[in-house]
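A.B. asks: how would this look folded up:
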Amino acid sequence: MPFHRRQCLGGLAVAAAFVLAGCNSGTAPQTQLPDPQGLSNDLATVAGVLASSPFQSFSAMSAASGSPAAAPTRAGALLRAAPIVSPSTSDAPYANAAARFAALRSSAARLASGISRSVVPPALLGQTFTWDVATHAYIENASYTPTAPSDRVRIILYDVYPDGKIIEGPLTVVGYADLVDESTTAPAVNKLHVIVAASSPATPGATYVDYTVSGSVTGSPPTAFTATAAGFVTDLTRTLTFNATFAVTNVDTDNPDGQIDATWDLDNPAIHIELHETIATPNANEIDVTLTDFSFTRGTQKVSEHGSLSIVASPQTVTVNLAIDVNGELWARFSGTNQALDVRHADGTKLSDVELVAFTYLYPLPDTIAAAIQSMFAPCENLMGA
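C.D. replies: Residues are numbered from 1 along each chain as shown. Now for the predicted structure:
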């Protein structure tokens, strides 16, 4: 059966937040989270960078009708390969691991024939796509001015409802997305540059999103795949810069293994985030995640998570064993299976209400940020026909 991990883990994380009844089982001094409310605010700030109207409209493109290409393309393969979804603190980490592997494997197959001169289909270069209220879909608009440069495909972005659907009455332009082909044959690199700007091409506004994604394969047929993503997203008040590498081996089998290494830096307040994890598939029914290190650093405070998480598809089982440290000292543990998941201090005492709020922000953050990049790429997958 397919993995439905986001729904499963999200519910389990919420359930675990309330499995806190119990007594004090230790007497050793308990490591303290110095400012749990401040940590919650900082975590919310990181997520809030992705709340701008142009970014939300761009994210909504993953569900838009009228993709410029109906068949999978190299551009779509690249964009599917590098995971960035909009943050949601109720989600649990690694909910997209199964989909991520599927994307990496399909990307490797798509790019296996080698590097081409164009990662965007030549027929799409120079085209602009606008929303047609009559068909409720995007269409190629040959009369749109100014015309898009010949090295890219351009998509006009519109105001959207909270559910991501385009508001047609009235239709309001909030920005545009350019997918620029920067592939080269010497060196051999499949590369796409994504730019999201406010206003319209006639009167360009501020840039809200600017990043590149590239990918390469090993072997023919491919046995390994590597994708890199680097760039930034901003709400014009704060900027979140990211740099990530996603690698997978054994892509020609039912049991691929992967590694993710990524950093994110927020400029205001100055926050540094690192994620290093490995993902293994011992069989087609199970995914095992090892969180080597996830850390959130602001000033002199460093909060980190490490441990393991295992998901079995059928019968659906989730087992978690995570430790959360504050400045290198154990603060809390999150462990258990299914509805028995439990979060407690290292000394066995339950978290305070304000600490619990910080935990519910912190626990999903590895997936929240990585998934934010996925959200940025998903519209391109759809529009590029991936």
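
A.B. asks: average pLDDT across stretch 161-178?
C.D. replies: Along stretch 161-178, the predicted local confidence has a mean pLDDT of 91.

A.B. asks: buried stuff in it?
C.D. replies: Judged by neighbour count using 16 or more other C-beta atoms under 10 Å, the buried positions of stretch 161-178 are 164, 166, 173-178. Every C-beta, even on glycine, is put in place using the N, C-alpha and C of the backbone.

A.B. asks: For that stretch, measure first residue to last.
C.D. replies: Across its full length, stretch 161-178 reaches 22 Å between end residues, using C-alpha to C-alpha, to the nearest Å.

A.B. asks: if we can go back for a sec, which ones among the buried residues of stretch 161-178 map onto helices?
C.D. replies: In helices, defined here by DSSP state H, there are no members of the buried residues of stretch 161-178.

A.B. asks: give the contact list for the closest residue in space to H136 that isn't next to it in sequence.
C.D. replies: Ranked by C-beta to C-beta, 6 or more residues apart in numbering and with sequence neighbours excluded, the top spatial neighbour of H136 is S65, at 6.4 Å. Applying C-beta atoms under 8 Å, 6 or more residues apart in numbering, one finds that S65 lies in contact with 135-138.

A.B. asks: Just put those residues in TSV and tack on secondary structure, neighbour count and distance to P315.
C.D. replies: Shown next, in TSV, are the contacts of S65 (DSSP: H, G, I helix; E, B strand; the rest coil; neighbours: other C-beta atoms under 10 Å; distance: C-beta to C-beta, whole Å):
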residue	secondary structure	neighbour count	distance to P315
T135	coil	10	44
H136	coil	13	41
A137	strand	14	41
Y138	strand	21	41
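
A.B. asks: how about CSV for those residues, with distance to E355 and pLDDT added?
C.D. replies: What follows is the contacts of S65, written out as CSV (distance: C-beta to C-beta, whole Å; pLDDT from 0 to 100):
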residue, distance to E355, pLDDT
T135, 52, 93
H136, 47, 92
A137, 48, 89
Y138, 46, 90
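
A.B. asks: can you redo those as a markdown table with distance to G48?
C.D. replies: As requested, the contacts of S65 are arranged in a markdown table below (distance: C-beta to C-beta, whole Å):
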| residue | distance to G48 |
| --- | --- |
| T135 | 35 |
| H136 | 31 |
| A137 | 31 |
| Y138 | 28 |
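
A.B. asks: Pretty sure I273 sits against S295.
C.D. replies: Yes - I273 sits in contact with S295 when judged by C-beta atoms under 8 Å, with a separation of 7.0 Å.

A.B. asks: quick one, which of those two is more surrounded?
C.D. replies: Regarding I273 and S295, a neighbour count based on other C-beta atoms under 10 Å identifies I273 as having more, with 21 against 16.

A.B. asks: Who is that one paired with across the strands?
C.D. replies: In this structure, I273 has the following beta-bridge partners (DSSP bridges): W264, F296.

A.B. asks: Contacts only, for it.
C.D. replies: For I273, the residues meeting the contact criterion (C-beta under 8 Å, 6+ apart) are 46, 263-266, 294-297, 365, 369.

A.B. asks: from these, which is closest to D35?
C.D. replies: Ranking those by separation from D35, with C-beta to C-beta as the measure, puts F296 on top at 12.6 Å.

A.B. asks: for that closest one, what are its contacts?
C.D. replies: Residues touching F296, when contacts are defined by C-beta under 8 Å, 6+ apart, comprise 39, 42-43, 271-273, 302-304, 362, 365.

A.B. asks: Excluding chain neighbours, give the residue nearest to D325 in space.
C.D. replies: Closest residue in space to D325, ignoring its immediate chain neighbours: S304 at 4.9 Å, by C-beta to C-beta, 6+ apart.
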